[in-house]
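J.: can't give you the sequence, but here's the structure:
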């Protein structure tokens, strides 16, 4: 497929967010968030539901007015016409017209961005191809499967060939096959050099798609870097031991906490510098009267980083 | 089990304010409105407005006018309302006819010169006396009948000496010496009256149906094929336009719920542009509905549509704009489709009932007629009536155009203000 996006010839950040604060009543949704997205970069916002990811995205797209802080999109203020034109927003909701066909939806959203005539026709054709919906262009959207609606939802957000795509959990509620399809679409965009912000609470998606990842919790960015940087900063060269014991879970949890570990879903997780420490750990468990059911060693991942930093699982 | 089902339903109803409103408030509101219209309190009994022109200016005619003015069921006007506190000249036959045509009153009475000389009649002999001319708007089928009846009553109660004097003359004329010839003439007159009574020919426009001769003439709608079709095309049309407009405006709430509104507003479309777009679409829809309604009236009920195109377009556009902004306002007040459904049903039915969509306003008590002026229905129906019923010139539509466009402007401004809650969080 030919380029969906305009070429980017600038080295300055596509997006700069500085000390953004947003409160809803007594709840602070964004608590001083600052970040930058470089040209052609895919930045992942990884965090559990309610962390503030969508609020941040909606602030960038101009749908939420922050209480404090600034947002600059290619040098323009958020909500300005040039910022709106530069941004392609793929909302978490399936924001489509169900009684219109696939093509009519794309045409409508294209017109809302000022496209018309041959330029609109070309943009629609490109997006249909990109979302592999050309064969279903004349079908009513209300009859589409969940995966097809998700793909069209993405295409509608990018119909005007933006320079920065904001994708808010675009794989919510789709089956694994459709998810892979969506990943391929995003990788196509990445290959074309589009700047992307991608929000998710799926670690695997962030690891697969994003150059850098910002871990968001309670309205703050608690860690930011590449996957390797995040893991290295959190764990250094340490590894994780995952064990399962039979016995009273309360007693096991207390014992794990005393040893500096964490209990997640009945699994006791410990961080060790060297594999030889596993023997001592198991010996101590035996002395405490716990029967070992299972033990494994793994390199830490983003889930481990999040758990270490917040004490909670990503999907809590 | 049955109790459990009832309990679940009661709890659900209690939490559904819209359903509660429709179940309990709306029937009471409707009952009250129609009770006032039809049953009425004593102080709100509908009165018939009548314009009176006294060309005779005799003692008899003046007493007749005074008698009419004293009657509690009539509102008698001998001159138009004062303008800037300056008293207007009394009605003439021509200006009274124009006023009836313009809808100022359903009936005008013109007391001709010479009426005082021979005000009442008896039998066939009264055929040549001057008759009071009754100018009527035939869309109001009740008022002329009321006036004719009251004229006879007032003649009996307000002019007893005249009655006696004329009665004696008639006695002398018909029964003086009670000759055979006089007997024959009396018998002839009695037979004449009897025949008229039995044949039911004592119509008010016959001129001989009562003590006072009345000649009725329709000055509005005399050439119409079906006098009330244009009224009901507008009346029913406007009510359904309001329902359609509120339903169409409800698409805003659908878009809010689905997130489409957010997406649209993140593009180059602003809230004002979006609302104007919705207004344009809803107005087009409403105008098309009206057009269909009037074309149906033409095709099926012989409504004279084609000779009133300019007036229809003017009133159609103004009405469509007003109902569309009304729909936008309701949608911008509500948070969900269900709320909109309940609120619009309540408001539209109330507006339609007092605004004349269900029952002609001219038959309502005066206070209710004035209350009706607060509704879009009343102004729209008045405008269409001017066009299709009264054949008034287009310039005469200015009050309706001004009010409907004014309503549209104000409602749009309020809707735009309320829509700010969707604009940003």
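T.: Sure, I can see it. If you're wondering where the values come from, they're calculated on a predicted model, not measured in any experiment.

J.: need the helices for the stretch 101-250 of chain A, in chain order.
T.: A:102-112, A:117-130, A:146-157, A:176-191, A:203-209, A:227-235, A:249-258 (DSSP state H, counting those that start in this stretch).

J.: just how off-centre is the fourth one within its chain?
T.: Taking C-alpha atoms, centre = their mean, to the nearest Å, one finds the center of helix A:176-191 at 13 Å from the center of the full chain.

J.: care to break chain B down by domain?
T.: B:44-220, B:229-423 (automatic domain parsing).

J.: same question but for chain A, I mixed them up
T.: A:15-231, A:239-299.

J.: Would you format the ones you listed as a markdown table with distance to chain B and mean neighbour count included?
T.: Backbone N, C-alpha and C define where each C-beta goes, glycine included. Below are the domains of chain A laid out as a markdown table (distance: least, C-beta to the nearest C-beta, whole Å; neighbours: other C-beta atoms under 10 Å in any protein chain shown):
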| stretch | distance to chain B | mean neighbour count |
| --- | --- | --- |
| domain A:15-231 | 3 | 19 |
| domain A:239-299 | 33 | 14 |
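
J.: Which parts of the stretch 201-350 of chain B are strands?
T.: B:214-220 (DSSP state E, counting those that start in this stretch).

J.: if you skip the residues just before and after it, what's nearest to the residue of it found nearest chain A?
T.: Residue nearest to chain A within the stretch 201-350 of chain B (C-beta to the nearest C-beta): residue B:259, separated by 3.1 Å. Distances taken as C-beta to C-beta, 6 or more residues apart in numbering or on different chains place residue A:93 nearest to residue B:259, at 3.1 Å, with adjacent residues excluded.

J.: for residue A:142, same thing?
T.: residue A:98 (3.8 Å).

J.: mind checking the end-to-end distance for stretch B:54-62?
T.: 8 Å (C-alpha to C-alpha, to the nearest Å).

J.: Under the pLDDT cut-off, which ranges of chain B? List them.
T.: B:34-35, B:37-46, B:120-129, B:157-180, B:182-183, B:185-187, B:189-211, B:221-227 (pLDDT under 70).

J.: tell me which parts of it are close to chain A?
T.: Residues of chain B found near chain A (C-beta under 8 Å from any C-beta of the partner chain) are B:258-260, B:262-269, B:424-425.

J.: Adding mean pLDDT, write the helices of the stretch 101-250 of chain A out as TSV.
T.: Output for the helices of the stretch 101-250 of chain A, formatted as TSV (pLDDT from 0 to 100):
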stretch	mean pLDDT
helix A:102-112	95
helix A:117-130	95
helix A:146-157	94
helix A:176-191	89
helix A:203-209	88
helix A:227-235	89
helix A:249-258	87
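
J.: re earlier: now the residue nearest to residue B:259. Its backbone dihedrals?
T.: For residue A:93, the backbone dihedrals are phi -80, psi 150 (criterion: degrees, to the nearest 10).

J.: next one: residue A:67
T.: phi -80, psi -30.

J.: Repeat that for the one 5 residues further on.
T.: Summarising the backbone geometry of residue A:72 under the convention degrees, to the nearest 10, its torsions are phi -130, psi 120.

J.: which residues does it form a beta bridge with?
T.: Taking DSSP bridges, one finds residue A:16, residue A:77 as the beta-bridge partners of residue A:72.

J.: for residue B:114, what are its contacts?
T.: Listed by C-beta atoms under 8 Å, 6 or more residues apart in numbering or on different chains, the contact partners of residue B:114 are B:56, B:130.

J.: Repeat the analysis, applying 10 Å as the threshold.
T.: By C-beta atoms under 10 Å, 6 or more residues apart in numbering or on different chains, the residues touching residue B:114 are B:55-56, B:58, B:61, B:129-130.

J.: Quick one: the residues you listed as TSV, columns for secondary structure and neighbour count too.
T.: As requested, these are arranged in TSV below (DSSP: H, G, I helix; E, B strand; the rest coil; neighbours: other C-beta atoms under 10 Å in any protein chain shown):
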residue	secondary structure	neighbour count
B:55	coil	16
B:56	coil	22
B:58	coil	17
B:61	helix	21
B:129	coil	18
B:130	coil	18
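
J.: Please, where are all the helices along the stretch 301-425 of chain B?
T.: B:309-333, B:337-355, B:366-372, B:376-388, B:398-418, B:420-423.

J.: Deepest-packed of the ones you listed, please.
T.: With neighbours taken as mean count of other C-beta atoms under 10 Å in any protein chain shown, the helices of the stretch 301-425 of chain B reach their highest mean count in helix B:376-388, at a mean of 27.

J.: That one packs against which elements?
T.: Contact partners of helix B:376-388 among helices and strands, from 3 or more C-beta pairs under 10 Å, 6 or more residues apart in numbering or on different chains; DSSP states H and E: helix B:229-249, helix B:271-301, helix B:309-333, helix B:337-355, helix B:366-372, helix B:398-418.

J.: Ok, which of these comes nearest residue A:195?
T.: Using C-beta to C-beta as the measure, helix B:271-301 is the one of these that comes nearest residue A:195, at 27.9 Å.

J.: related to what we said a few turns ago, so what's the residue count around the residue of the stretch 201-350 of chain B closest to chain A?
T.: 16 (other C-beta atoms under 10 Å in any protein chain shown).

J.: Contacts only, for it.
T.: By C-beta under 10 Å, 6+ apart, the contact set of residue B:259 is A:91-96, A:153.

J.: measure it to residue A:113 for me?
T.: 17 Å (C-beta to C-beta, to the nearest Å).

J.: now residue B:317
T.: Computed as C-beta to C-beta, the residue B:317 to residue A:113 distance reads 31 Å.

J.: same check, this time on residue B:326
T.: Residue B:326 is 31 Å from residue A:113, by C-beta to C-beta.

J.: just so I have it, where are all the strands in the stretch 1-150 of chain A?
T.: With DSSP E, counting those that start in this stretch, the ranges of strands along the stretch 1-150 of chain A come out as A:15-24, A:27-37, A:42-46, A:68-73, A:76-77, A:87-90.

J.: and the ones you listed, which one is worst for confidence?
T.: Of all those, the minimum mean pLDDT falls on strand A:76-77 (a mean of 88).

J.: what does that strand contact?
T.: For strand A:76-77, the external contacting residues (C-beta under 10 Å, 6+ apart) are A:62, A:70-71, A:82-87.

J.: make it 7 Å
T.: With C-beta atoms under 7 Å, 6 or more residues apart in numbering or on different chains as the test, strand A:76-77 has contacts from A:82-83.

J.: and the gap between residue A:48 and residue A:309?
T.: Distance from residue A:48 to residue A:309, by C-beta to C-beta: 12 Å.

J.: What residue in the stretch 51-200 of chain B comes nearest to chain A?
T.: For the stretch 51-200 of chain B, C-beta to the nearest C-beta, closest residue to chain A: residue B:139, 43.0 Å.

J.: Confirm that residue sits in a strand?
T.: No - Residue B:139 is assigned coil when assessed by DSSP: H, G, I helix; E, B strand; the rest coil, not a strand.

J.: My guess is it contacts residue B:389. True?
T.: Yes - using C-beta atoms under 7 Å, residue B:139 is in contact with residue B:389, at 5.9 Å.

J.: who's more crowded, the two?
T.: Under the criterion of other C-beta under 10 Å, the comparison of residue B:139 against residue B:389 puts residue B:389 first, with 24 against 21.

J.: In contact with the more buried one, which residues?
T.: B:139, B:220-221, B:230-231.

J.: Since that was my last question, I'll sign off now.
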